[in-house]
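In: give me a model of this one.
(chains A and B)
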Amino acid sequence: MSHVHEEPHASAHESSAGAANRVKSLVAALEAASVLTERQLDEAIESFLAHAQPANGARIVARAWVDPGFRERLLADGNAAAAELGIDLAHWAPVRLRVVANGPGRHNLIVCTLCSCYPLALLGPSPTWYKSEAYRSQAVRDPRGILAEFGTHVGADVEITVWDSTAEVRYLVLPERPAGTELLSEAELEALVTRNGLIGTALV
Amino acid sequence: MRTRIANPAGHTRLPRYLSGRAGRIDAVLGTLPYPDRRAAGIVSAVETAYTVRFENADVWGPDGEPGGCICADLFESYLEPRE
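Out: Below is the predicted model of the structure:
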């Protein structure tokens, strides 16, 4: 950690190359100790990614829009509500889901200032910008400014809550259901939900 | 409560920008793996964690965005009672 601060100009690819080397060494050590094989590791990652899709987040949101009871359960206990839709969040790690709802006068934005914690199971692999130092530092210091960079403008009367994922909780934004969608089916509503809407960098 | 002023040489999940700041408990998360001690080799270390809400003004002073707040999930050891 400290060497990062001593080299503030180290580029992102240098630090990810360092991480890649550490991962390679770790995998080699695990293989040498007969704990796992590279093939088992690949299979585990493929299996995880096959189920980790932004479509999962969209399903949860669309269901919450059409079913007030589900919405209430979702806001109270994200893991249990996701399980109702067959999504097992804690399968790979002891992750807890907290869903935070946008509403009149309230907007939510998700960040991980310390690394890149992200609800992978619901959103798939995170976008590069989510992991960038620029996003991670500006999101907490100047949320309205970072939203503007995404072309997202929230009114002056809207308060922004920034959720910094510093422990085992993963956050997901429940966007407001867009006006004029009363006649849409649940599947059609799912198609409206975007990844950035679930991070809070966009409205839906 | 208030977060402790801390700059440990080892691993921590207390962001420096939230060190020494006044906040309020928003939710009790229960017992979670405690990363500071796990990183030091105590692999079963756990601690109670809380979601803590900080008003922007208490983090950034008059330069913060008015009205908004930041929530972070912090471990018991990071916190102390507010004077």
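In: so which bits of chain B are right by chain A?
Out: B:9, B:11, B:13-15, B:17-18, B:27, B:29, B:32-33, B:35, B:49, B:51, B:59-60, B:65, B:67-75 (C-beta under 8 Å from any C-beta of the partner chain). The C-beta positions use only the backbone N, C-alpha and C, and glycine is treated the same way.
In: just the buried subset of those residues, please.
Out: Buried members of these, scored by 16 or more other C-beta atoms under 10 Å in any protein chain shown, are B:13-15, B:17-18, B:29, B:32-33, B:35, B:49, B:51, B:59-60, B:65, B:68-75.
In: from those residues, which land in strands?
Out: Among those, the ones falling in strands (DSSP state E) are B:29, B:32-33, B:49, B:51, B:69-75.
In: farthest-apart pair in the residues you listed, please.
Out: Spatially, the most separated pair among those is B:33 and B:69, at 26.1 Å (C-beta to C-beta).
In: in chain A, what residue lies closest to chain B?
Out: Nearest residue of chain A to chain B: residue A:167, at 3.7 Å (C-beta to the nearest C-beta).
In: let's verify that residue: helix, strand, or coil?
Out: Three-state call for residue A:167 (DSSP: H, G, I helix; E, B strand; the rest coil): coil.
In: again with residue A:107
Out: Relying on three-state DSSP, one would call residue A:107 strand.
In: isn't it right up against residue A:162?
Out: No - contact status for residue A:107 versus residue A:162: not in contact, 9.7 Å apart, counting by C-beta atoms under 8 Å.
In: ok, now which ones touch residue A:114?
Out: Counting by C-beta atoms under 8 Å, 6 or more residues apart in numbering or on different chains, residue A:114 touches A:164, A:166, B:13, B:15.
In: ignore the last one, residue A:160
Out: A:107-109, A:143-144, A:147, A:154, B:65, B:68.
In: make CSV out of those residues and add pLDDT.
Out: Shown next, in CSV, are those (pLDDT from 0 to 100):
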residue, pLDDT
A:107, 98
A:108, 98
A:109, 98
A:143, 97
A:144, 96
A:147, 97
A:154, 93
B:65, 91
B:68, 95
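In: can I get those residues in CSV including distance to residue A:178?
Out: Formatted as CSV, the contacts of residue A:160 follow (distance: C-beta to C-beta, whole Å):
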residue, distance to residue A:178
A:107, 15
A:108, 17
A:109, 19
A:143, 22
A:144, 21
A:147, 17
A:154, 15
B:65, 25
B:68, 23
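In: of those, which is the nearest to residue A:77?
Out: Out of these, the member with the shortest distance to residue A:77 (by C-beta to C-beta) is residue A:108, at 17.7 Å.
In: give me the neighbour count for residue A:184.
Out: Neighbours of residue A:184 under the rule other C-beta atoms under 10 Å in any protein chain shown: 17.
In: name the SS class of it, please.
Out: For residue A:184, the assignment made with three-state DSSP gives coil.
In: for it, which non-adjacent residue is closest in space?
Out: Nearest residue to residue A:184 in three dimensions, chain neighbours excluded: residue A:192, at 7.7 Å (C-beta to C-beta, 6 or more residues apart in numbering or on different chains).
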